[in-house]
Every structure is written in C-alpha cells, then in structure tokens.
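In: Attaching a predicted model along with its sequence, questions to come.
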Amino acid sequence: MKCPRCFYLDRRLGVDQPPGYPFTLNSAVDTLLKKEFDIHRAAGTSHPLFETYGINAVPFVHEKMNEWRDPFRGVQFYHEPSGFLITGGVDDIWMNPQSELHVVDYKATSKNGKVGIDADWQIGYKRQMEVYQWLLLKNEFEVSNTGYFVYVNGKTDAEAFDGKLEFDIKIIPYEGDDSWVEDTLLKARELLSKNEIPEPSPDCEFCLYRKHAQEVQYEFVKLHGQSGNVSK
C-alpha cells in the first residue's frame, strides 16, 4: 500500500529496505507497560486509567498471550485465497463485559503539545491495528471495532533530569475498519505473480533516492568516463 515497487523488491526479489535505527527507549516503555498491565491481568482487575477514560474492560487472559506478543510469531492466520500466512505481534488485548476483545497498541514519543493519531503519517498505526483486529476475527474471537492506543509522551518541562524521565499517558480510542484487508491481500498476490517490476509510489523516499542516485551517476559517467565502480 505504501509502495508497490519496494514491496515487490522485498517479497519477490529478496531486497528489503534498509532497516531503521532501533527505538530502544520505545521498547523499554513497551516492556514496562506490558508488565504494568500484566499485574492487572493476573489479578483480573481494571487498570486505574480505565476509569479515567471510561473504559469498561480488563486485560484479556489467554494461554497464547505471550505468543501473540512475540513479533516473530504473533497472532496468525493462513489466508487461503492469497496463499499468505499473515502474522501480527500485538502489544495488548483487553476484554469488555460482552466478551468482545479490544486491540491495544502502545506508542511512545516526546513532543510539546498533545499527542494524537490524526497526522497523515499515522495511517500506518491505524492499518496496523486493523490488521490485528482482522487476525483475531479470523481466529474466531469476538472483536470490537474500537481499539485503543496507549500513547505515552515524555515530559520535558522538569527542572532537572535527575536520572529519570516522566511521561504523560493518554488512551486514544480508534474505530477500526478492516474491510480493506482481504482485497489488499489478493492485490498483493496478483502483484507478486507478475514477472514485471511495478512502478514506484510517487512519494516513496526509497525509490526517489534510487532514481536520483542513478541519474547523478549516469551524468557523472557521461562527463568523466567510467572511473571505478560508481554504482557503489
């Protein structure tokens, strides 16, 4: 959905995009949030934030919870029409009194002002949650359309660091719609079945970089002749 060419290069030709830097601070926040909600999971109690935000739920208890959180296993479903095994590692799942599951995703940042999920680049957050909802539905669970982002924002207005970072925590509800998933999987299968590299997305930074790099190298070779392997 982001770029057909990058998807094809990755899944058909085995050339993935360069990895980003690991967000180790975000990972630490994820781990601590999971530990905190797991205390309430074990006790069968609601987190105090649930009352603050009017959420009637408790952390969901299931024998596969650790497996579902594992990014290398996650919630899984084999989609027979496309032949894809779809997986997704959830951060958390809550359950309401109607036994419906709420997908929960943790996010961490540090910015001035309020956090939200309405920026254009955050469409990936929403699609991610909708895939999790779709996966749980395919595993025959009752799933609410309402998911929650637990968004923590590092505070920078303290007088001193003192070896600790404090966060504001906000829970943001999101009404998911997974109706796009099935069609996208079929289009992805069709794309990968073609022996033709697709056109890039016009706003793909990776493809734009490759295009400009090739153009510059071509002009350089034309002007100066081949001197070493300029493609490197």
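Out: Noted; the coordinates are in hand.

In: Let's verify residue 153: helix, strand, or coil?
Out: Of the three states, residue 153 takes strand under DSSP: H, G, I helix; E, B strand; the rest coil.

In: Can you get me a residue count around it?
Out: Using other Cβ atoms under 10 Å, the number of residues around residue 153 comes to 19. C-beta here means a position set from N, CA and C on the backbone, and glycine is covered the same way.

In: which residues sit in contact with it?
Out: Neighbouring residues of residue 153 by Cβ atoms under 8 Å, 6 or more residues apart in numbering: 108, 109, 110, 111, 115, 167, 168, 169, 170.

In: Out of those, who's the most crowded?
Out: residue 108 (21 neighbours).

In: sorry, back to before: tell me which of the contacts of residue 153 fall in strands.
Out: Mapping the contacts of residue 153 onto strands (DSSP state E) picks out 108, 109, 167, 168, 169, 170.

In: Which residue, other than its chain neighbours, is closest to the last one?
Out: Once its chain neighbours are removed from consideration, residue 170 has its nearest residue in residue 151; the separation is 4.9 Å (Cβ to Cβ, 6 or more residues apart in numbering).

In: and the gap between residue 205 and residue 222?
Out: As judged by Cβ to Cβ, to the nearest Å, residue 205 and residue 222 stand 26 Å apart.

In: Tell me the one of the contacts of residue 153 nearest residue 135?
Out: residue 108 (23.3 Å; Cβ to Cβ).

In: Doesn't residue 61 belong to a strand?
Out: No. With three-state DSSP as the criterion, residue 61 is assigned coil and is not in a strand.

In: Surely it touches residue 41?
Out: Yes. Between residue 61 and residue 41 there is a contact under Cβ atoms under 8 Å: 5.9 Å.

In: which one of these two has more residues nearby?
Out: The neighbour count for residue 61 versus residue 41, taken as other Cβ under 10 Å, is higher for residue 41 (20 against 11).

In: Residue nearest the middle of the chain, spatially speaking?
Out: In the chain, the centroid-proximal residue (Cα atoms, centre = their mean) is residue 128; its distance is 4.6 Å.

In: residue contacts, that residue?
Out: So residue 128 contacts 88, 105 (Cβ under 8 Å, 6+ apart).

In: how much space is there between it and residue 71?
Out: Noted for residue 128: a distance of 12 Å to residue 71, by Cβ to Cβ.

In: And for residue 185?
Out: Taking Cβ to Cβ as the measure, residue 185 falls 20 Å from residue 71.

In: So for the two, which residue has more residues nearby?
Out: Between residue 185 and residue 71, counting by other Cβ under 10 Å, residue 185 is the more crowded of the two (17 against 9).

In: Poorly predicted segments of the protein, please.
Out: Low-confidence segments of the chain, defined by pLDDT under 70: 227-232.

In: which residues of it fall in strands?
Out: Assigned by DSSP E, the chain shows strands spanning 58-59, 75-79, 84-88, 92-95, 101-109, 146-154, 167-175.

In: hmm, who's touching the second one?
Out: In other words, strand 75-79. For strand 75-79, contacts defined as Cβ under 8 Å, 6+ apart pick out 68, 84-90, 132, 135-136, 138-139, 182, 185.

In: Strand 84-88 and that one, what's the angle between them?
Out: Computed by axes from the mean of the first three to the mean of the last three Cα atoms, to 10 degrees, the angle separating strand 75-79 from strand 84-88 equals 160 degrees.
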